[in-house]
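[1] A predicted structure for the sequence below; I have some questions about it.
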Amino acid sequence: MRIIKPLCRLLSPAGPSAKLSIFIFHRVLPLADPLLPFEPSAKQFDWMVRFITRTFNVLPLSEAARRLQAGTLPPAAASITFDDGYTNNLLVAWPILKRYGVSATFFIATAFLEGGHMWNDDVITAFRLAQTDELDLDAFGLGRHPLNDVTARVRGYRAVLGKLKYFEHRQRSEIARQIAIRCAVPAASELMMTHQQLRQLASEGAEIGGHTQTHPILENLDDVTALAEIATGKRELEELLDEPVQVFAYPSGIPDRDYSARHSEMVRQAGFIAAVTTRQACATSASGMFQLPRFTPWDRTPLRFALRSLTTLARAN
Ligand SMILES: [Zn+2]
């Protein structure tokens, strides 16, 4: 592992040819959850942050983006980001980040704060609680899913989410709720942060970024609605936090499928200085401030995690 740090500095030198590694997380779980195999536990997140802070120079995303553009990044620059606004970001991830002395950027979809939860969590919880051997969702055009073990349940909800995320927002939420009701999922949840919790996170030094209001696939919206989603999400966060919100993450974030160049222009018009995607790569000065790629470190051993960080840096972008 000792070779990793000098290699990172070699692949990502300071100045104009610097690269910026932007890590994406969603939740950090108090304990590992077999139904959420791609979300790290607190213990795993602890070694991930230890590796990141020992290997990289971690900066808040707005500062990193500005310095990428100005050609003044330090060597092996990185930012840590979280999407969606889960309560465990404040309760589980933030204390670990603080312990290692680094900040992070949290992208918040404002409609789900204050006791709400996203449609995808209705579906995941339905697959968790379902008491039958099979979940028949043919009525929604979403197929039949065996539930005999955890692996089948994970495979089932991933297939459903992959299709459902492209449905129109209201229809998507309605179908997800109906699936949830069928499996006796309670309507109330504390999955997402309250306004007070988000204010606390910001007041302790976290950077807060925009992620629209209702997390739509922007490409599926007409332009007026897309701009309203982007701009209203920003305004609601700024009113809540009483500070400017400078960076944005495209919901779902795959270029030319989930959003396109016209949305990048809307993000710029709304007053953001930079935006991040989910294209798996490192950012360079050629990336463009409104299409900064990120990558998901889903590896669950320190060596593999380190190698993925390194190979992402080494790849041509
Ligand atoms: Zn998201």
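    That came in fine, so what should we check first? Numbers count the residues shown, from 1 in each chain.
[2] which ones are touching the closest residue to the ion within the stretch 151-300 of the chain?
    Ranked by C-beta to the ion, the top residue of the stretch 151-300 of the chain for proximity to the ion is residue 251, at 5.0 Å. Yep, even glycine has a C-beta here, placed from its N, CA and C like the rest. Counting by C-beta atoms under 8 Å, 6 or more residues apart in numbering, residue 251 makes contact with 109, 211, 212, 215, 216, 217, 218, 258, 259.
[3] Confirm that it sits in a helix.
    No: under the criterion used here (DSSP: H, G, I helix; E, B strand; the rest coil), residue 251 is coil, not part of a helix.
[4] got CSV for the contacts of residue 251, with distance to residue 166 too?
    Below are those laid out as CSV (distance: C-beta to C-beta, whole Å):
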residue, distance to residue 166
109, 17
211, 18
212, 15
215, 12
216, 10
217, 6
218, 12
258, 9
259, 13
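[5] Residue 161 and residue 122 touch, don't they?
    No: the criterion here is C-beta atoms under 8 Å, and residue 161 misses it with residue 122 at 10.4 Å.
[6] In terms of neighbours, single out the busier of the two.
    Legend: neighbour count by other C-beta atoms under 10 Å for residue 161 and residue 122, higher for residue 122 (23 against 17).
[7] Which strands and helices lie in contact with the helix or strand where the more buried one lies?
    For residue 122, the host element (DSSP states H and E) is helix 119-129. Using 3 or more C-beta pairs under 8 Å, 6 or more residues apart in numbering; DSSP states H and E, the elements in contact with helix 119-129 are helix 150-164, helix 169-182.
[8] quick one: which of the ones you listed is nearest residue 3?
    With C-beta to C-beta as the criterion, residue 3 lies closest to helix 150-164 of the helices and strands packed on helix 119-129, at 35.0 Å.
[9] how distant is the closest one from the center of its chain?
    Taking C-alpha atoms, centre = their mean, to the nearest Å, one finds the center of helix 150-164 at 19 Å from the center of the full chain.
[10] is any part of that helix close to the ion?
    No: on the criterion C-beta under 5 Å from the ion, helix 150-164 is out of touch with the ion, staying 11.8 Å away.
[11] where does the stretch 201-317 of the chain dip in pLDDT?
    Along the stretch 201-317 of the chain, segments meeting pLDDT under 70 span 316-317.
[12] Return the residues in contact with residue 3.
    By C-beta under 8 Å, 6+ apart, no residues touch residue 3.
[13] so what's it scoring on pLDDT?
    Residue 3 carries a pLDDT score of 84 in this model.
[14] contacting residues around the closest residue to the ion within the chain?
    Closest approach between the chain and the ion, counting by C-beta to the ion: residue 83, at 3.9 Å. By C-beta under 8 Å, 6+ apart, the contact set of residue 83 is 24, 25, 26, 107, 211, 249.
[15] Output those residues as JSON lines; include the columns secondary structure.
    Shown next, in JSON lines, are these (three-state DSSP):
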{"residue": "24", "secondary structure": "strand"}
{"residue": "25", "secondary structure": "strand"}
{"residue": "26", "secondary structure": "coil"}
{"residue": "107", "secondary structure": "strand"}
{"residue": "211", "secondary structure": "coil"}
{"residue": "249", "secondary structure": "strand"}
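[16] Out of those residues, which comes closest to residue 150?
    Of the contacts of residue 83, the one sitting nearest to residue 150 (C-beta to C-beta) turns out to be residue 26, at 19.1 Å.
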